[in-house]
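Student: okay, sequence plus prediction incoming.
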Amino acid sequence: MNTIGSTASRTLHRIASALFLACVASCGARVNLGDSSQPPAPDPDASPDPAAPPTTLYQFNQNLFACYDIAVDDSYVYLSTGEPGGLSVHRCRKTDCAGTMKRVVGPLCNGCGYEKIVVAGNFLGLMHNASSGPVSVGHIDACTRPDCGDVRQVVGGLPTIGDVAFDDNRFYWHLSPDGSFYQCSFPTCSEGPRVFATGVPALRSFAANADWIYWVNPGVAVSRKRKDGSAPVEDVILGPVLGRVPHGGAGVPPEGLTVGTLAVDGSWIYGLSSRAPDADAGTGCEPSRSPCFVVRWPDAIGGAAEVILHEDTGINFRGLGALRVFQGEVVYSSDQAHTCDADACSATRRAIGQADPDRMASDRDYLYWCSRTMPGMYDTLQRVARVRR
């Protein structure tokens, strides 16, 4: 099993990578770079043990030097990438990533890459914000998996896109200049963009599940709206139980928590907070260690809050950073990235190194991510077996 920490393994990997690149240069037509016609092979490095260390699938290098976002389907890992000729999208087979890495979109111009890629039904959804002089212009694209030979613009000519969420047949996005959410069918948007919600000038956090779009604005309660539009926007109170106040009121009530980072997963709402839901307003994390709580609420009004994690220890602890939740597995960052089963976080918590939760994807069995690196160092694509499956 090829895992991090073996000097011999890394040396062999560098030699193999050099031979592979030389072969591509001299006989590229005879090298299979992930052709979708090839059936998946057994994966010898796919350890099912969550206690095993992360496995390195691909080491980025001077020829493919950056990873901006990641998505996965049953067979492939998709990456928004940077290379000397411009920005691009690559994919590789999960079973042999280094040997099947293949460009499927691009090369695009420098500054023309995709900040977000998402598997949506049979397609990839792609989001791009491009700078054109003083005006920031965005567009949202689609292409058919796995070969992406038909990449096309779905909506374009947009001002700054705050974020986007994709369903199998619909997508939702926020535009910062006019403070509105929009929606359209995916992957064609044949009917044209439609306003979904207004009055959201400063988007702090944005999340979606099967039924709801959630967002956080500075100084106001968490807001949400049903995707089907069957009810107006409502503001929820993240207190000892999930409450509700009229939309557009005076802001977060005293009994509610303020969360800067929000995630939703199934029927649960998760947030990073500086105090527990039932604590006095003046108590909670030390200022230099804030936020230090991961809390969740059922999405039904009246559901009781649960503190998943109170992390306020460790010499390097400086507060919780990013928060993601993948089918019940919580991922958060402090001095490094950690994961746990949301139903038993303290008992299942583990460290996974310098994984970047903002560049992470999941299938049924594994978490995949691009590592956080020091300036001047190349990213690493890694995976580890999920704690919760």
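Tutor: Received, thanks.
Student: and the helices in the stretch 51-200 of the chain?
Tutor: For the stretch 51-200 of the chain, applying DSSP state H, counting those that start in this stretch gives helices covering 97-100.
Student: could you pull out the strands for the stretch 201-350 of the chain?
Tutor: Ranges of strands within the stretch 201-350 of the chain are 205-208, 212-216, 222-226, 234-238, 242-245, 262-265, 268-273, 293-298, 306-310, 323-326, 329-333, 337-341, 350-351, based on DSSP state E, counting those that start in this stretch.
Student: which elements pack onto the fourth one?
Tutor: In terms of contacts (3 or more CB pairs under 8 Å, 6 or more residues apart in numbering; DSSP states H and E), strand 234-238 is packed against strand 222-226, strand 242-245, strand 268-273. No exception for glycine: its C-beta is placed from N, CA and C like everyone else's.
Student: can you do 7 Å?
Tutor: Here strand 234-238 touches strand 222-226, strand 242-245, going by 3 or more CB pairs under 7 Å, 6 or more residues apart in numbering; DSSP states H and E.
Student: looking at those, which one has the lowest mean pLDDT?
Tutor: Note on the helices and strands packed on strand 234-238: lowest mean pLDDT is at strand 242-245, with a mean of 87.
Student: buried stuff in that one?
Tutor: Neighbour counts using 16 or more other CB atoms under 10 Å place 242-243, 245 of strand 242-245 among the buried residues.
Student: any chance of the helices and strands packed on strand 234-238 in a markdown table, plus distance to Cys112?
Tutor: Output for these, formatted as a markdown table (distance: least, CB to CB, whole Å):
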| stretch | distance to Cys112 |
| --- | --- |
| strand 222-226 | 32 |
| strand 242-245 | 42 |
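Student: thinking again about what came up before, Gly157: which of the buried residues of strand 242-245 is nearest?
Tutor: Gly157 lies nearest to Val245 out of those, by CB to CB, at 36.7 Å.
Student: that closest one contacts Asp235, doesn't it?
Tutor: Yes: here Val245 reaches Asp235: they are 5.1 Å apart, a contact under CB atoms under 7 Å.
Student: closest to Tyr270 out of the buried residues of strand 242-245?
Tutor: Nearest to Tyr270, judged by CB to CB, of those is Leu242 at 12.3 Å.
Student: any low-confidence regions in the stretch 101-250 of the chain?
Tutor: Across the stretch 101-250 of the chain, the ranges flagged by pLDDT under 70 are 130-136, 218-221, 248-250.
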